[in-house]
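> Output the structure for:
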Amino acid sequence: PSSFTAFSPMDMKLPCEASGNPTPTFRWVKDGQELDSEFVGSGTLTADVNKPLEWYAGFYRCYASNALGTAMTERVHVIVEPQPVLLKKQIVHKEAHEGESIVLSCNPPKSSTPPHIHWMDTRMFHIKQSSRVTTGVDGNLYFANVVKSDSRDDYTCHAQYMAASTILAEAPVNLTVLPSEHTHTHTHTHTHTDYIISIGSVKLLLTAQVMSWGGEVENYDRWLTFISITPNDDGEYECRASNSHGSTSHSFTVTVEAAPYWVKEPQNLQYAPGETVRLDCPADGIPTPTVSWSINGEPLSEVDEEPRRTVSNQVLILQDVRFSDTAVYQCQASNVHGSALANVFLFVVELPPQILSSDGVVYEVSEGGNVQMFCQSFGSPRPHIAWEGQDAAPLLSDPRVSLLTDGTLELSNVSRSDSGIYTCSVTNSNLSITANLEVFERTTILKDGHKIQDYTPKDRYTFFKNNTLKVSDVQVEDTAQYSCDVITRLDHTKATGSITVIGQCVCVCVRVCAREQQHGQEGEEEGRWKWAEFWRVPGDFDHTQLALHPYCSYRFRVIAVNQVGRSHPSDASDLHRTPPAVPKINPSGVRSNSTEPGTLIITWDELDKRSHNGPGFEYKVLYREADSPTTEWNVGSAKSPPFMVNNTGTYTPFEVMVQAVNAIGQGPKPQPEIGHSGEDTPEEPPTGVSSTVMNSTVRLKWNQAQKVRGLLLGYKIYIHRLGSQDGRVRRSLGQQRPEEPEEPLRTGTDRDRWVVVVHGPQTSEELSGLRLFSRYELTVTAFNGKGESPPSSAHSFSTPEGAPGPPASLSFDSPSETSLILFWTPPAEPNGVLLGYVVQYQQGDPLQMEMISDPSVTHMELDSLDSSSHYIFKVIARTAAGDGPPITRRGATLLDGAGCPGRGTGTTEVNSTQGFYILSGLKPGSRYRLMVAHGNVTLWTREAQTIGPGRAVPGSFAAQGWLIGLISAIVLLILILLILCLIKRSKGGKYAVKDKEEKEVDSEARPMKDETFGEYRSVDADEKRSDSQGASLCGHSKLGSDDSLAEYGDSVDIQFNEDGSFIGQYSGRGPVAHGNESSGPASPDNAVPPPPIAPSMSSILNRPS
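This next block holds a predicted model:
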């Protein structure tokens, strides 16, 4: 999109995708400044939670680059706005007199994404609109003239912001309609508005009937909407409104303009060095767009000048191209309404020519046909194709021969002499293929005077071997067109003929045709009369008697008919008029069609004018209350339906009759029908609501509704789940009724609040699918065609406890080769009070089981497992009603790679009260993106990299046999050396005691050197340090090394990577700086930094938004 509005960090997502070889890298430029991040694979830009949302406002453009060039996108304008908020306002009071016009204003918060306006009442029903009450394009509610029934105190304007997923309701408007004081009159006025719109869609505010325009009239003739605007819609429009007091008009001048668009989409190009390249940018628009060029995303004005490159109008020409000219060229056409951007890849390359079409292809064609022989080639520069015939004559000199741009040779109107072998070759090379053309004689049909037809399996039709058709005992129905089709593999031909069967001149019958119209219409155009067959008599009759309608005019003519056909009609007779008479029938379909209380609307199906039977025709309407058959009939008359009676009460039954009368008299006595005056909403709610609960099903009963004030259509049950029986109650948003559904019995999308519609008079309903161990509350309303009754008193019930659902998640970690720690989360649907869990696991047979009676325990450590086998783990939740279904997972200990779900992409659900979470099984030396989310909201993201060379050595330290043997040999050698030293010392000379003591004194007085004393340290300490550093991040990593111990010195420094890999650096230690003698973890200078830990889930969820 050219622009969009972000209301939260989740909205900030700018996609940017591109493909290429090599794989392109992506970068973003914001307001002319390049962002720090660079992407590979996908360039989609998302928000960083560490930056405020306001930082992202600005203009963005994405660039995709590789070694061959850089493509870019259109510029995108990101608008950052806070969520729309409506300040609390007081109820607005307005007054108007009957007959006055009034406007109820709606002023929602401004936004770059205008809201949709809905006027509704407090019951969340839309305000009924009509030609008198409409919503304007500005969102205000317009009353052309108010009536007493418009008085109400809950006109509420709702602003729906689609982009922000927010609906705001303004304070209700209290409208009071007072009795009329005087009559308002209006005179003719005229206003004018100019519009400049771009091609797309547009709405004009109208109040008149549209005459053959391209738009559609909506909103009770108030709007003229153009769904797809075109230049032909440019012009001046006028709408008029009038009534008995005057008229007004408004004119609109619409000027249609267009954003830039491509007349022809630019294509990627491939050229050889030295050729001349022409890049066209054929764009159009209103006004005419300006064209600018860029190379690899850099404007042409900022690129070094090149004398080989010229730009003229919408064309860029590059002469004598070189390999260095390989790039992506951008053409952008812009005007005031927008821009269009095209990326054109110019590839300068030199490739040897190739012929892609097959050699030796045989082409078959019949004489007079057309044929194409293919010779498609490939190369850079584009190979030049030449065709030769058998006689090596130039083919293109023949006007029947054409050489297409792809090397195809097209030959039209071929003859037998064109048969032969044709050769296609690439000039200046030895590449060529051949094509064999075979021309066959054209298929022809030889006629011998007989008609030809497809074979028909009838006794009268005979089809001979020479393709001759014989028709025996011809009949009139054999008159038709006949054709013979001959189809071969190469062509198709057809011959046609006809058979006409002449019948005998015997008159079978006579048709009497008449034209009819009522008296008083004789002056109408003669052409509007319609002739119709009136009667049919035998052919030997010359007169007949006809029954005609009263009060009509007729003309007659006669047509003779035999087996062959009908004759031309005779001349029309003189005009014949029949006298008037009383109506013979009454109208049918007498019924009531009342919509408002206090009124009775009687309607019927009108009689055809031919049934009026005389002048002064009208309908006599009779009505009286049905409950008082002795009451006199009330009489009225009407020229056409409907007939309205006021002050009739609410849904009162009436006997109604409609009789046809004219100036001559009345029609037959009609039969009374039962009708009703208008309905009103039911006055009283249903009572006596009771329930019977059976597991997840409840049987509801209630008493028949009273004072329905109309025809009872059914009942609506509003159900609300309050929460589980353990006291957790879902926060209520207040009772809201959805709009009335037409067909579905169960409506609403809220899992804890829905409506069930019961059609008809039944007073019971069974509801299934309820959640167990839950508390519910419901109300019942009755409804008729006018609306719903007040709700019944709230009725509460609870569902019993049931077996729980499976635990929500199951994961595990492996602290050692023979143990696993299982972690799970409680079921999403406990359906009762959890009593504990059952943990099952098995390697084969038998199944092993552990019982946990504390429901708060959500982990268990399993010991003494086989390090070389996989296990099936199941965790089952338990309530007093029984055990639920298990959650199952397959895994193994560290030796087989357990605990490594984190490679690639993974998701883990944790409890919101958990303060930390450790990710195990990550790949050493890899980079990961961590994210914490709640629902669809991302709360925390960070990138981290694991430490290590990324190579795990299988097997444990103790499992390496060669290493054990080597160490044993070294220990044995040391023991031998010690024994030799003792033997040598025992055989040494005797020294004087004085000399010995002096030597001991000298030895004690000699200062110790750091470099010699520091050479020694505890082997146990080294092993402990190595164990602490060797904790594996991935379960299949083991202690061990492939390195040699041949370089052992006086001290052994065994180090492990973060993934547990045994490095094996065994060289002797040289002098080290003072203070860094120890490499163990106790030194704060070289302590290994801990892996990044995700923040506390509870702190994130409780963080203020």
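> Next, give phi and psi for K609.
Listed backbone geometry of K609 is phi -60, psi -30, with angles given as degrees, to the nearest 10.
> So what sits opposite the closest residue to Q129 other than its chain neighbours in the bridge?
Sequence neighbours aside, T135 is the residue nearest to Q129 in space, at 6.5 Å (criterion: Cβ to Cβ, 6 or more residues apart in numbering). Glycine gets a C-beta too; all of them are placed from N, C-alpha and C. With DSSP bridges applied, T135 shows beta-bridge pairing to L141.
> pretty sure P830 is in contact with P806, am I right?
No - the criterion here is Cβ atoms under 8 Å, and P830 misses it with P806 at 10.9 Å.
> Common neighbours of those two, please.
Common contacts of P830 and P806 (Cβ atoms under 8 Å, 6 or more residues apart in numbering): A877.
> And the pLDDT for the residue nearest to Q129?
We have a pLDDT of 90 for T135.
> from the chain's centre, how far out does the strand or helix carrying Y718 sit?
Y718 is part of strand 714-724 when elements are defined by DSSP states H and E. Relative to the chain's own centre, strand 714-724 is displaced by 31 Å; criterion: Cα atoms, centre = their mean, to the nearest Å.
> what helices or strands is that strand leaning on?
Here strand 714-724 is seen to pack against strand 753-759, strand 764-767, strand 774-783 when contacts are counted using 3 or more Cβ pairs under 8 Å, 6 or more residues apart in numbering; DSSP states H and E.
> what's the following helix or strand after the longest one?
Just to be clear, that refers to strand 774-783. Tracing the chain C-terminally past strand 774-783 and defining elements by DSSP H and E, one meets strand 795-798 next.
> and that following strand, which strands flank it?
For strand 795-798, the paired strands and their directions (DSSP bridges) read strand 774-783 (antiparallel).
> Okay, angle between the strand it pairs with and strand 753-759 too, please.
Using axes from the mean of the first three to the mean of the last three Cα atoms, to 10 degrees, one finds that strand 774-783 and strand 753-759 are set 40 degrees apart in direction.
> Buried residues in strand 774-783, which are they?
When neighbours are counted by 16 or more other Cβ atoms under 10 Å, the buried residues of strand 774-783 are found to be 774-776, 778-783.
> repeat for stretch 237-247
Of the residues in stretch 237-247, those buried under the neighbour-count criterion (16+ other Cβ under 10 Å) are 237, 239, 241.
> From those residues, which shows the smallest pLDDT?
Taking the buried residues of stretch 237-247 together, the minimum pLDDT is found at A241 (85).
> tell me which element that residue falls in.
For A241, the element it lies in under DSSP H and E is strand 235-243.
> Work out the sheet partners of that strand and label each with its direction, please.
Paired strands of strand 235-243, with direction, are strand 246-262 (antiparallel) (DSSP bridges).
> ok so, going back, with the buried residues of strand 774-783 in mind, which one is nearest to F125?
Of all the buried residues of strand 774-783, the one with the least separation from F125 (Cβ to Cβ) is F783, at 12.3 Å.
> Relative to E777, how far out is the closest one?
Using Cβ to Cβ, to the nearest Å, one obtains 20 Å as the distance from F783 to E777.
> Likewise for A660?
In this view, A660 and E777 are 59 Å apart by Cβ to Cβ.
> What of I127?
From I127 to E777 the distance is 30 Å (Cβ to Cβ).
> got the buried residues for the longest helix belonging to the chain?
With DSSP state H setting the assignment, residue counts place helix 961-986 as the longest helix in the chain. Neighbour counts over helix 961-986 (16+ other Cβ under 10 Å) mark L963 as buried.
> Same check on stretch 781-799?
For stretch 781-799, a neighbour-count test (16+ other Cβ under 10 Å) marks 781-784, 786, 788-789, 791-792, 795, 797-799 as buried.
> Kindly report the same for stretch 557-573.
Those buried within stretch 557-573 under the rule 16+ other Cβ under 10 Å are 557-560, 562, 572.
> what's the closest of those to R942?
When the buried residues of stretch 557-573 are ranked by distance to R942 (Cβ to Cβ), I559 comes first, at 96.1 Å.
> just checking, what packs against the helix or strand hosting that closest one?
Using DSSP H and E, I559 sits in strand 552-561. Contact here means 3+ Cβ pairs under 8 Å, 6+ apart; on that basis strand 552-561 packs against strand 509-518, strand 576-577.
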